[in-house]
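K.L.:
any chance you can model this:
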Amino acid sequence: MKFAVKLVLCFIFLFVLQACTPAANDNSQLTLLQTADLSVQISPATIPVESPLTLTVKTNLDIQQLSGEIRGISMYMGRIPLHWRKVSDTEGTVWQAEFLLGACTDPQMRWQLTLTMETASGQQQLQLIDFTSSW
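P.N.:
Reported below is the predicted structural model:
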């Protein structure tokens with residue numbers, strides 16, 4: 001009898017372990033904005049909450065400084081400041097920021113990304129971009 005119980009427990013343990021596989025990297029991207037001079041993409045494209053997300057800004061403008069933040073539209077979720085790093089690219093300049101979105105009661109939470117770009121000549125450009133996360 002003890003052997004049968006141990007055998008059943010062993011099978012249950014192995015079954016549970018089999019379900020514990022690491023999540024595959026989702027490198028899909030969703031384009032939030034596309035103009036002649038500017039492209040803003042988010043990855044992964046499903047925009048899951050409480051998971052690492054990456055924003056990518058590609059531009060052929062001479063951007064010297066990029067700042068941004070994310071705020072909730074559907075519900076107040078505070079302000080999420082973005083810390084950008086410049087990445088070299090052969091087709092213009094690429095900036096990236098990594099961040100997390102918090103979960104709320106709304107499974108389709110709406111957010112607004114505010115981007116402020118400053119060129120070498122001191123000209124500022126503001127972009128407001130809405131998007132929706134999921135859980």
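K.L.:
CA atoms for contacts and neighbours, from now on please.
P.N.:
Noted.
K.L.:
okay, now the unreliable bits of this protein?
P.N.:
Along the chain, segments meeting pLDDT under 70 span 1, 5, 7-24, 89.
K.L.:
can you pull out the helices in it?
P.N.:
Along the chain, the stretches classed as helices by DSSP state H are 2-19.
K.L.:
tell me where it has strands.
P.N.:
Counting by DSSP state E, the chain has strands at residues 30-34, 38-43, 53-59, 63-72, 79-82, 85-88, 93-99, 110-119, 124-132.
K.L.:
give the other helices and strands that the fourth one contacts.
P.N.:
Spelled out, that is strand 63-72. In terms of contacts (3 or more C-alpha pairs under 8 Å, 6 or more residues apart in numbering; DSSP states H and E), strand 63-72 is packed against strand 79-82, strand 110-119.
K.L.:
who's in contact with the longest one?
P.N.:
Contact partners of strand 110-119, identified using C-alpha atoms under 8 Å, 6 or more residues apart in numbering, comprise 61-75, 124-133.
K.L.:
on that earlier part again, any chance of the strands of the chain in a markdown table, plus mean neighbour count?
P.N.:
A markdown table is the format used below for those (neighbours: other C-alpha atoms under 10 Å):
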| stretch | mean neighbour count |
| --- | --- |
| strand 30-34 | 14 |
| strand 38-43 | 19 |
| strand 53-59 | 20 |
| strand 63-72 | 18 |
| strand 79-82 | 15 |
| strand 85-88 | 13 |
| strand 93-99 | 18 |
| strand 110-119 | 17 |
| strand 124-132 | 14 |
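K.L.:
and those: which comes nearest residue 2?
P.N.:
In terms of C-alpha to C-alpha, the element of the strands of the chain nearest to residue 2 is strand 53-59, at 48.9 Å.
K.L.:
what strands line up against that closest one, and which way round?
P.N.:
strand 38-43 (antiparallel), strand 93-99 (antiparallel) (DSSP bridges).
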